[in-house]
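> structural data only, the sequence is not supplied:
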């Protein structure tokens, strides 16, 4: 009988960027009395495709599809810019750091992965792709004025990093939060 693995595809984030994001998280924690479940900095990544529970024997097929997806894509620079919330200021649930994709490099990579994963049986995502890094999940109501002020404070936050690989991750849900481990690291050219 096949073992199920909860898996997703993502771009890893450099440690220097994770450190900056941890500083933002700490600053928001210190200056606000919000009830937020913060993402551990080590777990921050740019999700390209959530696969869900997959059979362990399908890993090889997923890896081959990923290799096909990144073929001839050169490593590229990403700009992380600003802090925002989903779905909106009136009902914020997720705090994120934005990704500036002005050259559509991430969107093109996303589309290739999405199409190749669809070819091997994964459903296409219904929502439009909005590249971001989730840094926290809001658990209580926040004053809109406080939230707006916090977002303004981080509007000028930006940092560059290099995307040089795509990772296939395994995710294990635990009471202390999700634990991620890398199944495959597929380098860009």
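That came through fine. All figures in this text were calculated on a predicted structure; none of them were measured in a lab. Residues are numbered from 1 along each chain as shown.
> count of neighbours near residue 8?
Counted with other Cβ atoms under 10 Å, the neighbours of residue 8 add up to 18. (Glycine included, C-beta is placed from N, CA and C.)
> nearest residue to it in space, please, no chain neighbours.
Distances taken as Cβ to Cβ, 6 or more residues apart in numbering place residue 50 nearest to residue 8, at 4.6 Å, with adjacent residues excluded.
> try residue 181
Residue 181 sits nearest to residue 170 (Cβ to Cβ, 6+ apart), 5.0 Å away.
> what's that neighbour in contact with, if anything?
By Cβ atoms under 8 Å, 6 or more residues apart in numbering, residue 170 lies in contact with 5, 6, 7, 180, 181, 182, 183.
> ok, back up a step: count of neighbours near the residue nearest to residue 8?
Neighbourhood size, residue 50 [other Cβ under 10 Å]: 14.
> which SSE is immediately downstream of whichever strand or helix holds it?
If you go by DSSP states H and E, residue 50 is part of strand 45-55. Next in sequence after strand 45-55, counting helices and strands by DSSP H and E, comes helix 59-70.
> shaky segments in the protein?
Low-confidence segments of the chain (pLDDT under 70): 1.
> one step back: counting contacts, what elements does the strand holding residue 50 pack onto?
Where contact means 3 or more Cβ pairs under 8 Å, 6 or more residues apart in numbering; DSSP states H and E, strand 45-55 is packed against strand 4-12, helix 105-119, strand 132-138, strand 165-174.
> where does residue 159 sit: helix, strand or coil?
strand (DSSP: H, G, I helix; E, B strand; the rest coil).
> could you tell me how many residues sit around residue 13?
As a burial measure, residue 13 scores 22 neighbours (other Cβ under 10 Å).
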